[in-house]
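In: Turn this into a model:
(3 chains)
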Amino acid sequence: MSSVPRTRPHVHHLAPLRRALSSCGLVPSSMPSAGGLGRADDAAVRPASLVGDAVLSSFPCGPPVGCPEALGFLDGIQRHQIVAYDGPSPLVLGWVAAGVLLRTGRELKPTMAGTAQLAIGRETVLAKAADALHGFEVLPLEPPDDLHPAHDLDVARGMVDRRRAQLEEEIGQRFRATSSAWLLIDGSLSHSTAWSQDPRMLGIAKSHAILPFDGRALTTYLQLPEGCRTSLFRPATRGGRETFSWGLRLREWMGKDPFHGLVRIEAAPTEETRRRASEYSQWILAERSPLSAPDVRWDRQLYGMRAVERYLGAILGE
Amino acid sequence: MRLAHLADTHLGFRQYHRQTAAGLNQREADVANVFRHTVDTLVAEQPDAIIIAGDVFHTVRPPNAAIVFAFQQLHRLREALPKSAIIVVGGNHDTPRSAESGSILRLFSAAGVDVVAEEAQRLVYPALDLSVLVVPHQALMGDVRPALEPDGTAQHQVLALHGEIAGTFPSDHAAMEYGGAVLTEGDLQSERWSYVALGHYHVMHQVNERAWYAGALEYVTTNPWGERRDEVARGLPGKGWLLADLVSGEVERRWVEQPRQVHDLPPIDAVGRSVAEIDRLLRAQLEAVPGGYAEQIIRQVVAEIPRHIARDLDHAFIRQAKAGALHYRLDLRRPAPTGPIGLAPGGRRQTLPELLEDYLRRRPLPAELDRDAVVAAGQALLNAVRQPVEEA
Amino acid sequence: MKQQAPIPPIGRVVATEQKPSTPHQFYFWTARSSPIGIGAIVRVDSDERVIHGVVTDGFAYSDLETPLDAVIGAEGDPAGLIDPTARSEIRLYLAAVLRHHPEEPLQPVPLGAVHLATDADVTVALRMDSFTDGEESTGIPVGVYAGGGLEAPVYLDADFLVGPEAAHLNITGVSGLATKTSAVEFLLTSIFQTFPTQKGSVAALCFNVKGPDLCFLDQAGSLEETDRNIYDRLGLVPEPFAAFQCYAPYKADGVNLNTLRTHPDLEGNTRPLVWGLRQVLDYAEVLLNRDDIDAKAGAFIDFLAERVVGQEFRDDSLRAKPFRVETFADLEEFFRAIFDWMEALNRGGEIWRTHHIATIRKVRNRLGNISTRSKGLVTDDGEVHDLPWGEFTDRAVYTVDVAGLDPLAQDLVFARVVSVLKEQLERRTLGVDHVIVFVDELNKYAPSDGPETYVRKMLLDLSERGRYLGLVLFSAQQFRSQVHRRVVGNAGTALFGRMDNDELTMGGYSTLSAAIKAKLATLPKGELMIRHPHFTQPIFVRFPRPAVLTGRDGVQRFPPSPDLPFPDAVARVLRGMDSTLSTEEIRDLVAGRRAEDVRRSLHATQRSRPDDPMAYFRACLGRAVVAESRDMRRGIPGVRSAPDPYA
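Out: The predicted structure follows:
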């Protein structure tokens, strides 16, 4: 497939850009961005509703079984950096990339990828820097509530995050337009209508910032034994689409923390999902190997997902 | 087991003009007498085998007297030695060039002796435990020579052969017999025989441990003095035959008494001598011949004698000497022929030997050759060719 | 110069601080499925320059940080479930630079696309354009470079292989794969078919030191399609050597040849090699220096050679008759005379003409040894069969089969043949301008350690000065490290077949990468690594099987005739000269004859090669004379009464 980007943005070669911005009257900055490598979610409990079962229970899924069909991995990455200031107002550059590696046989092949580079700042900043920003998507910051420059950065980071999610969704749709292969998505399906209804997509959420249960059910959820899944439930979302979800323990957690090896799977809210949840779980269990180390989240991160991230990182010139 | 080995009897040989009372050539008679005497000795010695290794006759067609004489003598031997093997080998002198002519020697088998004149034959005498491979001259002249190998179980293996062993004859060929078949010493493989009886070379000579030339019984050559010189060089008193004991390996030389002697008187150098002086020397040397020169065969060389001196010699005395001796050869050698071929120091024209020496002293030679040796070899060769020419 | 390759690149140069590009080497990565391998020739295209290189090492990496991760991933069970995803892995290669274009300024290899070499690239990379272009090409095909489906011809430069710029060739390889012999046979074919005519004539002389390897060079072997394709690709015709002669000494019986090439069909060009005293004496030093180098013995041998043998030697004190020493038997007689003389002197009889009796005895023993230990090589009857000195012909191969000789005799053959070649090439009387001498087992003849021997001195001399004379040494051995450094060092071209691992650890191979060594240790039959003055790096080539019968096949197709009974062996030799002769006739002829006489006659016939061998042989042998028994008989008395005519 030829949808792998040919011209690639590069997150490290910024010196020419900084010189250009300087000539536009901005003050170049090289301060590394704090927390630039991740997304933050506020930790919270949002109780879900069970599907079918009255009480949250755990079920052994059976032995790991590799997905017998071609299987795609979809993930995205994002980077941002302040490159200049105009007075107190920063100019933030963001880079996002999303792509799919499709596994046929045992080989992962880049199948589809997209990137975008963003320039985010207040209108005045962007106007001043306009001449230096060819090739960037220029995104003005929403009218500020306060003047604290740190706030600008948070907002800009959120914009990059959303742009990444958007790019992932675009890539997902483009992939689905050309292939009916199973697709594993890094994260939740609920923010996309298409994804939440796709019968051949599974979302793998590694983050447990939002917990679906409390009380006794939470104990069951967090003490799920290795190789077992929970009953199906509908996660509560804020304005998200309905999906069926279940917890799955990939690795033995005893002696570690209760989140060790725990992922939450999402799939379309269909009867088939109810019927095949254990089978899907077996597929995911098979993906524990090869180990995705040295990724810090190796207990939950699938090797295929990490491969997508490395691939996208290489595209961004990391 | 005793084997008498004689050779080159050359019956019918004639030389010089002296005749016997019966009108026969004196030398022919001499040769016959020596042979008869030898037969007498053989009869007395009673050897177990007698080999005459070729050239019984001097020519292919010998005089009738010689034929009759040979028949008588061989018959006499046969009768006297009934148990002995008597073998006559064909030599180059008595074998016709053309095989069709047939050899006179065939006749003599009638005398009871074994004659081998054409093909090689292996004669086995069981009673004597003797096997003789007889190789006449003619057998060596064909394309395929016989294999010179012992054979059979006989204890005594003898090879009788008439021919020239290369390298045996003196290099100046003074006593050379031409026309023989040439073999190498290796061809004989003497070590494989009890005895090798050779004929052809007129001087008695041991080729190697077991191979012998018996030599002739008389001086039957055109150059008796050369032959005599060979004998002197080899320390031989004269002519004879061999008596070999095949068991002990001992070979006894038996000398025969010659009816007359061959004398080569010391050469007289005429340079600076007057006619009278030369005359005196001629006379003195002739008279000094032991036993007197009458009936002897004598040569006197006078070197470097110019024609005018020679002319004035005492020819009356010379005639007297020639009449007294059987043969008196006065060999007057002129100074080297003069011609514009070179001048010796002092303007004298060089003699041929001088000229040759002069040339050989100057000629470029390969470094490894010894120049003195080359000069000496050259002189020897020159002498060898000069002598017979001057005698003739 | 820049190639317009329609094919996409197979790799890209990478250069990092840890693995930088230099002017002499660079790294590049490829897809896992790339056909690149050790020894592959590649081209790097960048905007400014083109670089050719040869792959000398390869690396594979996965994204594993520590092996522990793999263990954890498999839950400690190597037999566990196969990973649904193969770990990503990359291939990284190290290439040594063969050539830069432009050559100046010499710079590090730039980042660029890496292509598999084309035919034209191989030519340029190996600098073969400098000697294969034009009318007077001096290219000698040595094989094809095979890489990525490409088979590009590789040439050696005749000026550097046969002289005069450089010369000699050396092959190293384990025994048993026949690579060394095959390579030389093929290369000789190639040289004979492509050696430029303006350079003159060339012949080859091969010493067969073991088995039948070099005995069937005139017989066609079986080739496979792949071999024929390579011949075709190199522009060569796969055919055996048209002009071939095999020389071998006799066995001790003097009639059966001491070689495996004795099949009746091959007798036409299988010749005996027999030397006499003179031939031995000239190289007698070979016989001496195995145990001791002795100037005194040398002086006595010189005396024999210069003053005694082959001429009349007079010494009246020994005996009156002059000596004529032509054979060993004569020589023995001569020695005996000396010893007798000394014995007769009784006291003080230790010196004869300045030579001490011990020296004389030593020389006699050594010379006697060779004539008894190598009966088939050394004749005692003076009949000599030698190589066709002065009549060597262009593009002819002469095999001298010494496999059956004892080492001392091998040395002798070797020393004399090479020395005579040298002399005749010096005087330009050999008949050809160049001779390639092939010697296997070089470590035996020119070892790196051990005493100085005549043969080793000669090989050193040959390898250092031979090229000026047109005398070229092709040598082979299993262990190059065991051969004298100056002999292998002077070989302009070196070939390496499969190598022994221990040998590869020797110092001489330290410039080779571990990967090249690994490849050499497992090199398949028919592949070679080549060092040649024009190539800046060793190159791997594939060469076809030689178009001649291998020794093993040769012995199967032409089984050696069993050693025949003496008469039949004689008949075989004579029938080889005239096939119309009947064995019966010959058998009858020699029946009952002494073997020595038959042998002598046979050798004389072989040497003379007469029009009518039988007649000649018969003449040499002589007619057998049968015995006839005689009784004593009396003669007829007829003339008894006649008077004695001379009385």
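In: For residue A:23, which residues are in contact?
Out: Counting by C-beta atoms under 8 Å, 6 or more residues apart in numbering or on different chains, residue A:23 touches residue A:132. C-beta: built from backbone N, CA, C; applies to glycine.
In: buried sites along stretch C:531-547?
Out: Buried residues in stretch C:531-547, counting neighbours by 16 or more other C-beta atoms under 10 Å in any protein chain shown, are found at C:531-532, C:534-547.
In: Contact residues of the stretch 201-350 of chain B facing chain C?
Out: Within the stretch 201-350 of chain B, no position lies close to chain C (C-beta under 8 Å from any C-beta of the partner chain).
In: Strands of the stretch 201-350 of chain B, start to end?
Out: B:205-208, B:211-213, B:240-245, B:251-255, B:262-269, B:297-303, B:327-332 (DSSP state E, counting those that start in this stretch).
In: cool, the stretch 201-350 of chain C as well?
Out: Using DSSP E, counting those that start in this stretch, strands in the stretch 201-350 of chain C cover C:202-208, C:243-248, C:270-272, C:312-315, C:319-324.
In: Quick one: residues contacting residue 189.
Out: Defaulting to chain A. A:195, A:196, A:198, A:201, A:203, A:241, A:243, A:266, A:267, A:268.
In: Please refer instead to chain B.
Out: B:148, B:149.
In: measure it to residue A:24 for me?
Out: According to C-beta to C-beta, to the nearest Å, residue B:189 and residue A:24 sit 122 Å apart.
In: And for residue C:319?
Out: 123 Å.
In: so what's the residue of the stretch 151-300 of chain A found nearest chain B up against?
Out: Nearest to chain B in the stretch 151-300 of chain A, going by C-beta to the nearest C-beta, is residue A:290, at a distance of 89.7 Å. By C-beta under 8 Å, 6+ apart, the contact list for residue A:290 reads A:303, C:64, C:69, C:70, C:73, C:83, C:85, C:87.
In: one more time with 10 Å
Out: Residues counted as contacts of residue A:290 (C-beta atoms under 10 Å, 6 or more residues apart in numbering or on different chains) are A:302-304, A:306-307, C:62-64, C:69-70, C:72-74, C:83-88.
In: filter the residues you listed to the buried ones?
Out: Using 16+ other C-beta under 10 Å, the buried members of these are A:302-304, A:306-307, C:63-64, C:69-70, C:72-74, C:83-88.
In: domain assignment for the chain?
Out: In the absence of a named chain, chain A is used. Per the record, chain A has its domains at A:1-30+A:76-179, A:41-69+A:181-287, by automatic domain parsing.
In: Chain C, not that one
Out: C:11-122, C:151-270+C:395-553, C:278-373, C:564-621.
In: is it fair to say residue C:48 lies in a strand?
Out: No - counting by DSSP: H, G, I helix; E, B strand; the rest coil, residue C:48 is located in no strand; its state is coil.
In: Give me the distance between it and residue C:112.
Out: 9 Å.
In: what do you get for residue C:476?
Out: Residue C:476 sits at a distance of 41 Å from residue C:112 (criterion: C-beta to C-beta).
In: out of these two, which sits in the busier spot?
Out: More crowded of residue C:476 and residue C:112, by other C-beta atoms under 10 Å in any protein chain shown: residue C:476, with 26 against 22.
In: for residue A:303, what are its contacts?
Out: Taking C-beta under 10 Å, 6+ apart as the test, what residue A:303 contacts is A:73, A:108, A:287-293, A:295, C:63, C:73, C:83-88.
In: Just confirm residue C:201 contacts residue C:436, I think it does.
Out: No - using C-beta atoms under 10 Å as the test, residue C:201 is too far from residue C:436 to be in contact (11.7 Å).
In: Now do the shared contacts for the two.
Out: Common neighbours of residue C:201 and residue C:436 (C-beta under 10 Å, 6+ apart) are C:195, C:470.
In: The two: which is more packed in?
Out: A count of neighbours by other C-beta under 10 Å puts residue C:436 above the other of residue C:201 and residue C:436, at 26 against 18.
In: Doesn't that one lie inside a strand?
Out: Yes - Residue C:436 sits within a strand when classified using three-state DSSP.
In: Would you map the strands across the stretch 101-250 of chain A?
Out: A:107-121, A:137-140, A:182-186, A:201-205, A:210-211, A:228-230, A:233-234, A:244-249.
In: I'd like the next helix or strand past the last one.
Out: So the one you mean is strand A:244-249. Next helix or strand after strand A:244-249 toward the C-terminus (DSSP states H and E): strand A:262-267.
In: can you count the residues close to residue C:103?
Out: Using other C-beta under 10 Å, residue C:103 has 8 other residues around it.
In: Next one, pLDDT for it please.
Out: Residue C:103 is assigned a predicted lDDT (pLDDT) of 89.
In: Need the three-state assignment for it.
Out: Classified using three-state DSSP, residue C:103 is coil.
In: quick one: contacts for it?
Out: Per C-beta under 10 Å, 6+ apart, neighbours of residue C:103: residue C:49.
In: Please apply the same query to residue B:200.
Out: Here residue B:200 is in contact with B:7-8, B:53-55, B:91-93, B:137, B:161-165, B:168-169, B:177, B:179-182, B:213, B:215-216 (C-beta under 10 Å, 6+ apart).
In: In helices, which of those appear?
Out: Those of these mapping onto helices are residue B:137, per DSSP state H.
In: Any of the contacts of residue B:200 buried? List them.
Out: Buried members of the contacts of residue B:200, counted by 16+ other C-beta under 10 Å: B:7-8, B:53-55, B:91-93, B:137, B:161-165, B:168-169, B:177, B:180-181, B:213, B:215-216.
In: What residue in the stretch 1-150 of chain C comes nearest to chain B?
Out: Nearest to chain B in the stretch 1-150 of chain C, going by C-beta to the nearest C-beta, is residue C:138, at a distance of 42.7 Å.
In: Next: the stretch 251-400 of chain C.
Out: For the stretch 251-400 of chain C, C-beta to the nearest C-beta, closest residue to chain B: residue C:324, 6.6 Å.
In: Return the residues of chain C in contact with chain A.
Out: C:32-33, C:62-66, C:68-75, C:80-88 (C-beta under 10 Å from any C-beta of the partner chain).
In: Average pLDDT for whichever helix in chain C runs longest, rounded please.
Out: Taking DSSP H as the criterion, chain C has its longest helix at helix C:407-427. Helix C:407-427 shows a mean pLDDT of 89.
In: what about the helices in the stretch 201-350 of chain C?
Out: Ranges of helices within the stretch 201-350 of chain C are C:225-234, C:277-282, C:284-288, C:295-303, C:328-345, based on DSSP state H, counting those that start in this stretch.
In: Other residues contacting the helix or strand following the last one?
Out: Which is helix C:328-345. Sequence-wise, the next helix or strand beyond helix C:328-345 is strand C:351-352, with elements assigned using DSSP H and E. Here strand C:351-352 makes contact (C-beta under 10 Å, 6+ apart) with C:300, C:315, C:317-318, C:337-339, C:341-342, C:345, C:357, C:359-360.
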